[in-house]
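Chemist: no sequence for this one, just the structure:
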């Protein structure tokens, strides 16, 4: 019986050693997994912080075009009042350079062709109430500005109205220094189709 007890003790000790070895291996694997997972989490958080910094340093303007046809008593011409609304959703003031014909109006032909045809019929600069050409519009953080234009078109039809403004180069330089992606678009564009009626 003592032989069986001794044999049982050896088997028991071998099983205990095997269990401890398995526990140490599993503990090591678990530690490696936790370390790797925490490393991935830290890398993801660092990437997220970098993206947040880039987004917060990049200018952000929400644009909207409103167009209405104007009827002037005694005048048979067709006029469009175009209101460009810009809202600064970024975290710094942004300057839009609108010196060079920011409004383009194209007549749209939808003949039997597959693609529409566009013919620019008029452009417009932005003028102050005093009649001088205005080059820049500064939109502060959280601010909304409306920029009005009036254009004349020759006849009724379908038109594409496009507003285009360049971001001021100093704003772009400041944004890149603050961490924004240098490939960030530097032109703000808004478009809208409108039907001019008789």
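Modeler: Looks like it came in fine. On a predicted model such as this, the values are computed, not experimentally measured, just so you know. Residues are numbered from 1 along each chain as shown.

Chemist: lowest-pLDDT helix or strand in the protein?
Modeler: Least confident helix or strand, the chain: helix 169-177 with a mean of 65, by mean pLDDT, DSSP states H and E.

Chemist: What residues does residue 127 make contact with?
Modeler: Residues counted as contacts of residue 127 (Cβ atoms under 8 Å, 6 or more residues apart in numbering) are 133-134. Yep, even glycine has a C-beta here, placed from its N, CA and C like the rest.

Chemist: any idea of the pLDDT on it?
Modeler: Confidence at residue 127, expressed as pLDDT, is 71.

Chemist: and it, what are its bridge partners?
Modeler: Assessed by DSSP bridges, residue 127 has beta-bridge partners residue 133.

Chemist: domains in the chain, as residue ranges please.
Modeler: With domains defined by automatic domain parsing, the chain comprises 1-57, 60-196.

Chemist: Name the single longest helix found in the protein.
Modeler: helix 2-57 (DSSP state H).

Chemist: and the next element down the chain from that helix?
Modeler: Going down the chain from helix 2-57, the next helix or strand is strand 61-70, by DSSP states H and E.

Chemist: Paired strands for the next helix or strand after that next one, with orientation please.
Modeler: Note on strand 61-70: by DSSP H and E, the next helix or strand toward the C-terminus is strand 78-88. Paired with strand 78-88 in the same sheet, following DSSP bridges, are strand 61-70 (antiparallel), strand 144-153 (antiparallel).

Chemist: And the longest helix of the chain, how far out from the chain middle?
Modeler: A distance of 43 Å separates the C-alpha centroid of helix 2-57 from that of its chain, computed with Cα atoms, centre = their mean, to the nearest Å.

Chemist: Cool, thanks, talk later.
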